[in-house]
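> when you get a sec, could you give me coordinates for this:
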Amino acid sequence: MSESEVVVYANPELLAAAAAARLVTRLVDLQAAQGSASLVLTGGSTGIAVLDQLRRSPARDAVDWSRLDLYWGDERFVPADDDERNEKQAREALLDHVPVDPKRVHAMAASDGEFGDDVDAAADAYARVLAAHARPEDHGDVPGFDIMLLGLGGEGHTASVFPESPAVYETERSVVAVRNCPKPPPTRVSLTLPAIRRAHDVWLLTTGEAKADAVALALSGAGEVQLPVAGARGRRRTLWLLDRAAAGKLSHVYQPPTA
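Here you go, the predicted model:
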């Protein structure tokens with residue numbers, strides 16, 4: 001697994017803009033090298049702010065959106081039109097404004113979808129989607145995602161893998177149903193840490209002083225059972241994009257000059 005890299009920005013707005021610019025550059029490079037690319041999206045205020053910045057960017061048209069496979073790291077198990085749903089937020093921020101191929105947008109099921117309120121069936125179905133898109137060179141039932149975007153909570157969760165929850169102990173399945181989450185909504189579908197670690201690049205994006213302890217602990221070698229985000233690592237690269245408040249308990253990190 002890769003060593004962690006840390007980049008710190010002056011405030012959340014600069015972080016979102018810079019992450020969007022990085023994302024365009026990386027997707028264009030991937031598509032030039034291999035024809036297509038895959039991206040795993042995240043919810044949360046920072047993740048959606050990056051998509052909003054990407055929609056506003058003149059550079060967005062450099063990406064061939066029709067040659068991009070889109071997945072989600074987790075999803076709130078709510079009705080499709082619920083404002084809490086990560087897919088809905090991503091569509092409003094970006095996906096409804098760019099020419100994605102609907103067949104390459106791999107959303108997790110909603111609670112009013114084909115599986116009804118059976119969250120286990122929804123998780124199993126998404127695991128089958130991942131397995132169907134894995135290639136022989138991926139050596140398993142999860143695609144080797146090119147880029148995975150993730151956020152984190154102040155208590156150290158990432159995707160919907162919470163500290164000392166059943167999901168953090170999962171080593172076999174790629175996708176699990178999550179119940180009784182300590183933050184609402186309580187029922188979710190999530191990739192597991194082993195699935196997350198199939199990504200080539202993992203980008204962890206977070207802002208705010210409330211995240212500073214979790215960031216510092218993760219980067220100082222905390223265990224993933226107590227702090228799941230510590231187990232979110234890319235095979236090629238693990239990149240932390242932080243604002244100054246989230247990085248407040250770190251030292252010796254690179255802070256780009258403010259624009």
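
> list the contacts of the nearest residue to residue 100 once chain neighbours are set aside.
Sequence neighbours aside, residue 65 is the residue nearest to residue 100 in space, at 4.8 Å (criterion: Cβ to Cβ, 6 or more residues apart in numbering). The way it works is simple: take the backbone N, C-alpha and C, and place the C-beta from them, glycine included. Contacts for residue 65 (Cβ atoms under 8 Å, 6 or more residues apart in numbering) come out as 98, 99, 100, 101.

> surely residue 4 and residue 240 touch.
Yes - using Cβ atoms under 8 Å, residue 4 makes contact with residue 240 at a distance of 6.0 Å.

> please enumerate the shared neighbours of the two.
Taking Cβ under 8 Å, 6+ apart as the criterion, residue 4 and residue 240 both touch residue 219.

> neighbour count winner among the two?
residue 240 (23 against 17; other Cβ atoms under 10 Å).

> for the more buried one, what are phi and psi?
With angles defined as degrees, to the nearest 10, residue 240 sits at phi -100, psi 120.

> show me what it bridges to in the sheet.
When assigned by DSSP bridges, residue 240 has beta-bridge partners residue 6, residue 204.

> ok, back up a step: gap between the residue nearest to residue 100 and residue 163?
36 Å (Cβ to Cβ, to the nearest Å).

> before we move on, what about residue 9?
Using Cβ to Cβ, residue 9 is found at 27 Å from residue 163.

> those two: which has the busier surroundings?
Taking other Cβ under 10 Å, residue 9 and residue 163 do not tie; residue 9 has more neighbours (23 against 18).
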